[in-house]
Each structure stands twice: as C-alpha cells, then as structure tokens.
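**Student:** Here's a sequence, model it:
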Amino acid sequence: MPGRAEFLAYRDRLLRTGRRDRVYLRLLDGNGFKAVNDTFGHAAGDAVIRTTGRRRAAWATRRQALDRVFK
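**Tutor:** Numbers count the residues shown, from 1 in each chain. This is a model prediction of the structure:
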C-alpha cells in the first residue's frame, strides 16, 4: 500500500505538469480512527481508509457542480 513518500512523489509529479490548476487536495480528519487500528488492527484500518476513499470519490463524481465552484 502506498505511503507518505509515494503520496509526496505523486503530488510533485502532478504539480510539475501543465495542469496545476486541476490539482485538488481534500483532507479528512479521522476522528477516533486510532481506536480502529488499536482495536481491530492495521489491516482493518487500511480497509476503512480504502472504503472511505471509494465512497468519497463516488459522492464527488455525482456532484459535478463542485467543479464549477472551483474554476
């Protein structure tokens, strides 16, 4: 699974492209997330992160009007 170093390298590649105006970053606070890892283990925590990412991506694609707000 990619970690911080891979994310930073990917970010740098995106920012070097001619499409810098199309790079967005959304940060989410996983309130209480440490308890998931502590109780169920890191594999379960990773599954929660993946599922959350898929759900947020699906939510965002259904709301194309958000693109117009940020242009």
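**Student:** now the helices for the chain?
**Tutor:** 4-16, 33-40, 42-61, 65-70 (DSSP state H).
**Student:** The ones you listed: lowest mean pLDDT?
**Tutor:** Between those, the lowest average pLDDT goes to helix 65-70, which shows a mean of 51.
**Student:** follow-up on the earlier one: export the helices of the chain to a markdown table and append columns for distance to R26.
**Tutor:** Backbone N, C-alpha and C define where each C-beta goes, glycine included. As requested, the helices of the chain are exported to a markdown table (distance: least, CB to CB, whole Å):
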| stretch | distance to R26 |
| --- | --- |
| helix 4-16 | 13 |
| helix 33-40 | 16 |
| helix 42-61 | 7 |
| helix 65-70 | 11 |
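**Student:** just so I know, which of those helices lies nearest Y24?
**Tutor:** helix 65-70 (7.0 Å; CB to CB).
**Student:** quick one on the thing from earlier: will you turn the helices of the chain into a markdown table that also has mean neighbour count?
**Tutor:** Output for the helices of the chain, formatted as a markdown table (neighbours: other CB atoms under 10 Å):
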| stretch | mean neighbour count |
| --- | --- |
| helix 4-16 | 10 |
| helix 33-40 | 12 |
| helix 42-61 | 12 |
| helix 65-70 | 9 |
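**Student:** hmm, who's touching stretch 36-43?
**Tutor:** 44-45, 48 (CB atoms under 8 Å, 6 or more residues apart in numbering).
**Student:** so which of those residues would you say is closest to W59?
**Tutor:** Checking those against W59 by CB to CB gives V48 as the nearest, at 16.2 Å.
**Student:** now that closest one, nearest residue through space, not along the chain?
**Tutor:** Nearest residue to V48, sequence neighbours excluded (CB to CB, 6 or more residues apart in numbering): V36, at 5.6 Å.
**Student:** and the gap between that neighbour and G53?
**Tutor:** 15 Å (CB to CB, to the nearest Å).
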